[in-house]
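> make a model of this:
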Amino acid sequence: MTLSPDRLDRFARHIVLPEVGGAGQARLVESHVVLVGMGGIGSPALQYLAGAGIGRLTLIDDDAVEASNLQRQTIYTTADIGKAKAEAAADWVRRFDPALDVTAHVARIGRDNAAALIAGADVVLDGCDNFATRLAVSDACVASGIPLTTAALGRFQGQVANFAGHREGHACYRCFVGDAFDAEDCDTCADQGVLGAMVGMVGAFGAMAAMRVLLEGVATLGDPQWGQLHVLDGLKPGLRSMKIAHDPECRGCNGSAR
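Numbering: from 1, shown residues only. So this is what the prediction gives:
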């Protein structure tokens, strides 16, 4: 791919990085990322993915913008209150960089539609707020052969990981959390509170993880660290990592959940 002079100028700080380079930037421009959830994690993740020049973005969310979202969901303003988040986020992308191809789906992703909504993606970045949706997305990614970046937050702790459950011997997200969380019940930030800056840290970290997936085999930054769970502590602060092992009995990446 040949980038025009204005695009070369826009992404110059990426291109001069040896770990990305021209080939890496061209790969980002050619990539398709699906973002599930355009809330606290999806907002900053989208900003940095769009800033990186990801050529095609698909945004999925069935919620509408509320005033209480503005403390952490950084792409929205008071003028967006009441609008569908997916559509308001897509409008933000079009204003930020008209060269990007963005599609909004005002829909709740689940087992019945996940495969269709993520079709053609190079990576899915899931920042939704419940386990049932996360597991449905993970199972669809495994069945479709698509890598998954998952980013989650609970009060002052964030978790980010890349999963390649479609690859032999690799863990999927269900290997990590098991089957007990298929139900819809879970704590929310409305119940427990959330610090806006902490959400931004996790969302940006998720965008970085997704770019590692996209650059695999193209640039030296492309080490997805499959199955490596990074846990961010916002209070200390600190970061620790642990390896998630493939579960040979997992119904997500061993066929029975597909």
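
> so what's the gap between the top helix by length along the chain and the chain middle?
Using DSSP state H, we find that the single longest helix of the chain is helix 196-214. Chain-centre distance of helix 196-214: 8 Å, with CA atoms, centre = their mean, to the nearest Å.

> kindly report the same for stretch 130-138.
The answer for stretch 130-138 is 13 Å, by CA atoms, centre = their mean.

> repeat that for stretch 160-175.
15 Å.

> mind listing what's buried in that stretch?
Applying a neighbour-count criterion of 16 or more other CB atoms under 10 Å, one finds 160-166, 170-175 buried in stretch 160-175. Where you see a C-beta, it was placed from the backbone N, CA and C, and this is true even at glycine.

> immediately after the longest helix of the chain, which helix or strand?
strand 228-233 (DSSP states H and E).

> in the buried residues of stretch 160-175, find the pair that's most separated.
Put simply, by CB to CB the two of the buried residues of stretch 160-175 set farthest apart are Val160 and His166, 19.3 Å from each other.

> ok, Ala140 touching Asp112?
No: taking CB atoms under 8 Å as the definition, Ala140 is not a contact partner of Asp112, at 10.3 Å.

> which one's more surrounded, the two?
Shown here are Ala140 and Asp112; by other CB atoms under 10 Å, Ala140 has more neighbours (25 against 9).

> give me the nearest residue to that one, chain neighbours excluded.
Excluding the flanking residues, the one nearest Ala140 by CB to CB, 6 or more residues apart in numbering is Ala114, at 3.6 Å.

> before we move on, what about Lys83?
The nearest residue in space to Lys83 (CB to CB, 6+ apart) is Val65, at 5.4 Å.

> for that neighbour, grab phi and psi.
With angles defined as degrees, to the nearest 10, Val65 sits at phi -70, psi 130.

> what's around it, how many residues?
25.

> surely it meets Gly82?
Yes: with contacts counted by CB under 8 Å, Val65 reaches Gly82, the gap being 6.6 Å.

> next up, the contacts around His170.
Shown in contact with His170 (CB atoms under 8 Å, 6 or more residues apart in numbering): Phe163, Ala164, Trp226, Gly227, His246, Cys253.

> do Arg240 as well
Arg240 touches His230, Val231, Asp233, counting by CB under 8 Å, 6+ apart.

> again, 10 Å this time
With contact set as CB atoms under 10 Å, 6 or more residues apart in numbering, Arg240 has these partners: Leu229, His230, Val231, Leu232, Asp233.
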